[in-house]
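[1] Kindly generate the corresponding structure for this input.
(one chain, ligands or ions: 1)
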Amino acid sequence: MVVNQVVFFHFPGSTDMDMPPSLLHSIQNQMQSKGGYEAAYGVKIRVKGAVFKILSDAKADLVHRQVNFKRDFESGESTLASSFTDLWTNATSYFFSILSYYDTDEADIRLDGKVAIVTGSNTGIGFETAKELAKRGARVILACRDEAKAILACNNIRNETGNSDVFYKPLDLASFKSVHAFSNDILANEPKLNILINNAGTGKLDNSLTEDNLPIEMQVNYFSPFLLTNLLLPLLKKSTPSRIINISSVMHYFGTVDLKAINKPARNWFQHSRVYSNSKLCNILFTKELSCRLEESGITTNCLHPGAVSSDIFRNQNAINRFLIRMLFKSSWQGAQTTLYLALSPEVACITGKYFSDCKESKTSKLAQDLHLARKLWETTEHIVRLK
Ligand SMILES: NC(=O)c1ccc[n+]([C@@H]2O[C@H](COP(=O)([O-])OP(=O)(O)OC[C@H]3O[C@@H](n4cnc5c(N)ncnc54)[C@H](OP(=O)(O)O)[C@@H]3O)[C@@H](O)[C@H]2O)c1
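    Numbers count the residues shown, from 1 in each chain. Reported below is the predicted structural model:
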């Protein structure tokens, strides 16, 4: 079992850091001696067996505050932090940073000899995902649209992991031509493919159409990953056991699927505001239908919500929103943990067609469970992407 309850102390704006082992043990001992406690806000924190990770450049200070807060709380001296800073620190820790966490350091899983593709891996969740796969010895292909950013990411991953088998190949999901060119390249040059991670995604674009005459957000988030996956299926089948992971979002709850209008631009502001959610709902329905079609094939496919993650996806937000997002949301590293869990863990080797969040299977909206809709969507999409 490698999923632990983790308490993250997250100081946004700073780089991720592991706590030195001696400090970690001292805190674990102090906390484990109590076996768990209720925080002031009614959040149950299970500390037994927990892993603590400090995400802060002010880590020592924060550790002391956390320990003091806990001691004060338990001794009844204080149920609320004594200053705004403490309140903020504790509230953010308890409310936003208690995660199930795939302990990538503890999980002794190697990927030597395996090949993985991660789309949109020059930044954010995709970058952290690709880096971890490379760290474990996989040959990793970064499928990205921006050459300069992708080469930089590639070099960073090579330097940080020591794995030189990390490559960039151009893929622009706003163009079916590019998807075909990428797939042809992979099919011609890669003898196998064990992990395909459809991570790339975009939000809040304008209502424009792509060169394929499709709404851009729908094409990048759904139509092109659908096409890409189907084109790469022969190689995935040849390389079993293999895994396909689709990044969806909890936003799918706000989504809907209108099969007659799915390839048309939004007609008004309200429709446009739902395109991202629609595309993320399609990702889940796609995963469900794909899993049925791949039964007994040796390929599993699952999808996930990575959490609310402070990443470039919010680059178009105003400065205040971006500040709040940085303060409150998960880091990209944290956001990558569920993807990594699905890509690596033996626990999910035979699980397929499911939706995960925080490294656990999670509930979806009613629409996302509609297998009839999933089949209809598949048939409609096949025509739109010209697979049929
Ligand atoms: N962040 C969150 O809170 C959150 C929540 C739920 C789900 N998600 C999902 O998680 C996934 C990763 O997002 P993120 O938060 O890591 O965002 P991000 O930092 O913006 O990364 C998105 C990646 O997708 C790439 N991309 C965008 N348009 C593309 C295109 N036309 N062709 C190829 N690649 C393209 C981006 O490339 P460029 O750098 O060139 O733009 C980037 O590499 C997305 O599917 C997103 O919908 C995120």
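[2] so Thr301 touches Thr287, yeah?
    Yes - using CB atoms under 8 Å as the test, Thr301 is close enough to Thr287 to be in contact (5.4 Å). (C-beta placed from N, C-alpha, C; glycine too.)
[3] how distant is the host helix or strand of Thr380 from the center of its chain?
    Assessed by DSSP states H and E, Thr380 sits inside helix 371-384. Per CA atoms, centre = their mean, to the nearest Å, the displacement of helix 371-384 from the mean C-alpha position of its chain is 25 Å.
[4] neighbouring contacts of that helix?
    When contacts are taken as CB atoms under 8 Å, 6 or more residues apart in numbering, the neighbours of helix 371-384 outside the stretch itself are 214, 222-223, 226, 257, 259, 262-263, 282, 285-286, 288-290, 292, 367, 388.
[5] go with 7 Å
    Helix 371-384 is touched from outside by 223, 226, 257, 259, 262-263, 282, 285, 288-289, 367, 388, with contacts defined as CB atoms under 7 Å, 6 or more residues apart in numbering.
[6] buried ones in that helix?
    Across helix 371-384, burial judged by 16 or more other CB atoms under 10 Å covers 373-374, 377-378, 381, 384.
[7] Restricting the selection to alpha carbons, write it to CSV.
    Once non-C-alpha atoms are left out, helix 371-384 reads as follows in CSV (Å, rounded to 0.1, in the frame of the first residue of the first chain):
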residue,chain,number,x,y,z
LEU,A,371,-23.2,4.3,-21.0
HIS,A,372,-25.7,4.8,-23.8
LEU,A,373,-24.6,8.4,-24.1
ALA,A,374,-21.0,7.3,-24.0
ARG,A,375,-21.6,5.0,-27.0
LYS,A,376,-23.5,7.6,-28.9
LEU,A,377,-20.8,10.2,-28.3
TRP,A,378,-18.1,7.7,-29.5
GLU,A,379,-20.0,7.1,-32.8
THR,A,380,-20.6,10.9,-33.3
THR,A,381,-16.9,11.6,-32.5
GLU,A,382,-15.6,9.0,-34.9
HIS,A,383,-17.3,10.9,-37.7
ILE,A,384,-16.2,14.3,-36.5
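[8] Start the count at 4 instead of 1 going forward.
    Done: numbering now begins at 4, and the last item shifts to helix 374-387.
[9] ok, His308 touching Asn249?
    No - in terms of CB atoms under 7 Å, His308 does not count as a neighbour of Asn249; the distance is 11.0 Å.
[10] which one of those two has more residues nearby?
    Asn249 (27 against 23; other CB atoms under 10 Å).
[11] Give me the pLDDT value at that one.
    The pLDDT attached to Asn249 in the predicted structure is 98.
[12] pull the helix or strand with minimum mean pLDDT from this protein.
    Confidence across the helices and strands of the chain bottoms out at strand 40-41, with a mean of 30, counting by mean pLDDT, DSSP states H and E.
[13] Packing partners of the longest helix that the chain contains?
    For the chain, the helix with the greatest residue count under DSSP state H is helix 278-296. Packing contacts for helix 278-296, counted by 3 or more CB pairs under 7 Å, 6 or more residues apart in numbering; DSSP states H and E, involve helix 219-221, strand 245-250, strand 302-308, helix 374-387.
[14] Can you show me the CA trace of the helix or strand that comes right after the third one as PDB?
    As assigned by DSSP H and E, the chain's next helix or strand after strand 302-308 is helix 322-331. Backbone C-alpha positions of helix 322-331 (Å, rounded to 0.1, in the frame of the first residue of the first chain) are rendered in PDB as follows:
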ATOM      1  CA  ALA A 322      -3.900  39.400 -11.200                       C
ATOM      2  CA  ILE A 323      -6.100  39.000  -8.100                       C
ATOM      3  CA  ASN A 324      -7.400  35.600  -9.100                       C
ATOM      4  CA  ARG A 325      -4.000  34.400 -10.000                       C
ATOM      5  CA  PHE A 326      -2.700  35.500  -6.600                       C
ATOM      6  CA  LEU A 327      -5.600  33.600  -4.900                       C
ATOM      7  CA  ILE A 328      -5.000  30.600  -7.000                       C
ATOM      8  CA  ARG A 329      -1.300  30.500  -6.100                       C
ATOM      9  CA  MET A 330      -2.200  30.900  -2.400                       C
ATOM     10  CA  LEU A 331      -4.900  28.200  -2.200                       C
END
